[in-house]
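Q: Give me the fold of what follows.
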Amino acid sequence: MNPILACFLAIIFPCAASLHADDDAPLLNEPGKVISQPDFKQPLGSEWTASKGKWEPADGVVTVTDIPEQKHIPVLHLATGPAPIIFECEFRYNSGKAFLVGFDSAAKHCGRVVINPKKVTLCEDSTEVKGKTPSHVLAEMPVDLKPDEWQKLRVEYAGEKLAIRLNGQELRAEHPFLGTPKARWWMAAASTDQVRNVKVTEGEPLKGSGK
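A: Residues are numbered from 1 along each chain as shown. Got it, this is the predicted structure:
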């Protein structure tokens with residue numbers, strides 16, 4: 001091999017590995033026990049519940065379909081309990097324009113990540129009343145997400161804190177209501193959206209990241 005080329009590759013490849021490691025680096029938690037990591041090559045496990053719409057797994061991808069008579073965006077629930085969580089996935093809009101990840105107490109919604117093609121918001125739901133009062137936006141950032149490209153998302157919750165990394169961009173928020181004990185997490189997606197590489201893990205809060 002040309003010695004100049006060899007030197008160039010030796011410089012580039014460690015940098016690439018470092019970038020990938022940063023992309024998967026903890027935000028609020030060190031990862032622990034895996035709660036669910038479906039392969040989407042067979043029916044979903046009993047821990048998942050499609051409460052709205054159709055979530056159809058095949059060939060490693062789950063495809064979302066709206067059911068118009070339900071008059072609600074498709075939602076897929078995952079029972080987790082109150083542990084700090086790391087929620088990882090990749091999603092693709094196709095013709096859809098919305099993807100959400102949220103979490104609930106036993107009584108109501110607690111918080112959510114709302115991802116639209118041009119903006120991401122982190123919200124707490126103490127003020128949310130369906131059809132009457134919207135969620136309270138804690139933080140937001142602009143994005144530019146193309147319809148037929150896979151987007152890489154990491155969501156972490158610890159104590160009163162919520163943090164995400166979307167395609168390398170990070171956003172964080174904190175609010176007392178986010179500390180409400182959790183019962184389940186969920187994904188919501190517009191019809192034709194697709195999701196793959198889902199992994200949900202219990203977390204151990206990093207020093208200073210939880211309350």
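Q: CA atoms only for the strand ranked longest in the chain - export them in CSV, please.
A: Assignment by DSSP state E gives strand 194-205 as the longest strand of the chain. These are the backbone C-alpha positions of strand 194-205, laid out as CSV (Å, rounded to 0.1, in the frame of the first residue of the first chain):
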residue,chain,number,x,y,z
GLN,A,194,-41.5,3.3,9.3
VAL,A,195,-39.4,2.4,12.4
ARG,A,196,-36.4,0.0,12.8
ASN,A,197,-33.6,-0.8,15.2
VAL,A,198,-35.7,-0.2,18.3
LYS,A,199,-33.9,-0.8,21.6
VAL,A,200,-35.3,0.2,25.1
THR,A,201,-32.9,-0.1,28.0
GLU,A,202,-33.1,0.5,31.7
GLY,A,203,-30.6,3.3,32.7
GLU,A,204,-28.5,4.1,35.7
PRO,A,205,-28.4,7.9,36.0
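Q: for that strand, what is the average pLDDT?
A: If you average the pLDDT over strand 194-205, you get 97.
Q: where does this protein dip in pLDDT?
A: For the chain, applying pLDDT under 70 flags the ranges 1-21, 131, 209-211.
Q: Where do the helices of it begin and end?
A: 3-23 (DSSP state H).
Q: circling back: the longest strand of the chain pairs with which strands?
A: Counting by DSSP bridges, the strands paired with strand 194-205 are strand 29-36 (antiparallel), strand 61-65 (antiparallel), strand 85-92 (antiparallel).
Q: ok, and for that strand, which residues are buried?
A: For strand 194-205, the neighbour count (16 or more other C-beta atoms under 10 Å) marks Q194, V195, R196, N197, V198, V200, T201, E202, G203, E204, P205 as buried. C-beta: built from backbone N, CA, C; applies to glycine.
Q: Can you list the neighbours in contact with it?
A: Around strand 194-205, the neighbours that count as contacts under C-beta atoms under 8 Å, 6 or more residues apart in numbering are 26, 28-38, 40, 60-64, 78, 80, 83-92, 94, 150, 156-159, 185, 187, 189.
Q: Need the buried ones from those selected in PyMOL.
A: To isolate the buried ones among these in PyMOL, judged by 16+ other C-beta under 10 Å, type:
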select buried, resi 26+28+29+35+36+38+40+61+62+63+64+78+80+83+84+85+86+87+88+89+90+91+92+150+156+157+158+185+187+189
